[in-house]
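Enquirer: Make a model of this:
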Amino acid sequence: MTEPFFSVVIPVLNGGQAFRDSLAALYASDFDDWELIVVDDGSTDGSGDFALSVGVFVLPTGGREGPAAARNRGAAAAAGRFLFFLDADCLVHVDTLSRAAAALRADPGLDALFGSYDDEPAAPDLVSQYKNLLHHFVHQASRGDAGTFWAGCGAMRRERFLALGGFDAVRYRRPSVEDIELGLRLKAAGGGIRLDPTVQVKHLKRWTLGRLLMTDIRDRALPWTRLIWERGRLPGTLNLGWASRLSSLLVAVALILVATARWLPAAAPLPAAR
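Expert: Purely as a prediction, here's the structure:
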């Protein structure tokens with residue numbers, strides 16, 4: 001069997017139409033040196049069955065193990081030189097894989113590379129636009145040498161991934177900072193990681209305010225804090241400057257006020273001037 005350049009690994013749990021669209025976009029890619037492995041993490045909406053029906057190799061986890069464990073299962077079955085991790089709600093552009101492959105081939109010292117959401121998120125509502133465009137801005141502004149990793153659209157040399165033991169599926173049973181933590185380990189082991197902002201995908205996820213706050217606090221901020229306490233410091237890569245952080249905070253507060261305005265009591269009228 002010829003070794004493909006990429007083994008595309010997609011973990012899915014009830015991916016719905018977004019997952020089907022993700023597969024269609026992948027097969028429309030202008031790069032064809034890849035294999036596809038879908039890891040079905042206990043879907044009840046037929047996502048795994050649909051993938052099987054269109055000829056995709058599907059690995060069932062037999063339950064809900066979480067995306068870290070699902071990606072590890074896919075990696076263990078992969079034959080590609082690089083593992084290309086892709087979220088089930090992301091659409092690759094026609095040239096996403098070819099751009100990633102060109103960058104990796106041009107720099108043999110690279111062990112991992114990841115990209116960015118594009119600037120046209122599918123969901124039109126304010127919260128979804130804010131969340132996805134903020135992610136796009138951060139990744140576009142942080143191009144170059146990276147100290148972490150992103151598994152939404154990211155490739156890692158398979159031998160390196162396996163040597164590191166993959167994602168920490170014991171600590172991270174939910175979608176969290178498992179990819180960031182893996183990138184930190186790769187960097188500490190001397191691996192080269194690059195953020196290439198031209199490697200882009202379209203994010204189809206629709207965010208609600210409650211989900212945004214829950215994700216950013218419980219699944220991102222708190223685990224990030226724990227990593228900082230354990231390691232003493234984290235790389236500055238992907239961290240915004242203080243002005244940008246303040247701007248992001250103010251926008252988030254504005255979103256909360258807009259979303260909760262209908263429950264706030266009407267302001268009392270000001271007394272007439274005398």
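Enquirer: for the stretch 151-274 of the chain, what spans make up the strands?
Expert: 153-157, 192-203 (DSSP state E, counting those that start in this stretch).
Enquirer: now the angle from the last one to strand 153-157?
Expert: For strand 192-203 and strand 153-157, the angle between their directions (axes from the mean of the first three to the mean of the last three Cα atoms, to 10 degrees) works out to 150 degrees.
Enquirer: Parallel or antiparallel, which strands does strand 192-203 pair with?
Expert: strand 90-92 (antiparallel), strand 110-117 (parallel), strand 144-145 (antiparallel) (DSSP bridges).
Enquirer: The shortest one now?
Expert: Taking DSSP bridges as the criterion, strand 153-157 forms sheet pairs with strand 82-86 (antiparallel), strand 110-117 (antiparallel).
Enquirer: just how off-centre is the longest one within its chain?
Expert: Translated: strand 110-117. 11 Å (Cα atoms, centre = their mean, to the nearest Å).
Enquirer: And for the shortest one?
Expert: Here strand 82-86 shows a centroid-to-chain-centroid distance of 11 Å under the convention Cα atoms, centre = their mean.
Enquirer: can you check stretch 5-25 too?
Expert: Counting by Cα atoms, centre = their mean, stretch 5-25 comes out at 13 Å from the chain centroid.
Enquirer: before we move on, what about stretch 186-199?
Expert: The answer for stretch 186-199 is 15 Å, by Cα atoms, centre = their mean.
Enquirer: for it, how far is the first residue from the last?
Expert: Length of stretch 186-199, first residue to last, Cα to Cα, to the nearest Å: 21 Å.
Enquirer: Just the buried residues of it, please?
Expert: Leu186, Lys187, Gly191, Gly192, Ile193, Arg194, Leu195, Asp196, Pro197, Val199 (16 or more other Cβ atoms under 10 Å). All C-beta spots, glycine's among them, are computed from the backbone N, C-alpha and C.
Enquirer: pLDDT added to those residues, as JSON lines?
Expert: What follows is the buried residues of stretch 186-199, written out as JSON lines (pLDDT from 0 to 100):
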{"residue": "Leu186", "pLDDT": "97"}
{"residue": "Lys187", "pLDDT": "94"}
{"residue": "Gly191", "pLDDT": "96"}
{"residue": "Gly192", "pLDDT": "96"}
{"residue": "Ile193", "pLDDT": "96"}
{"residue": "Arg194", "pLDDT": "95"}
{"residue": "Leu195", "pLDDT": "94"}
{"residue": "Asp196", "pLDDT": "94"}
{"residue": "Pro197", "pLDDT": "93"}
{"residue": "Val199", "pLDDT": "96"}
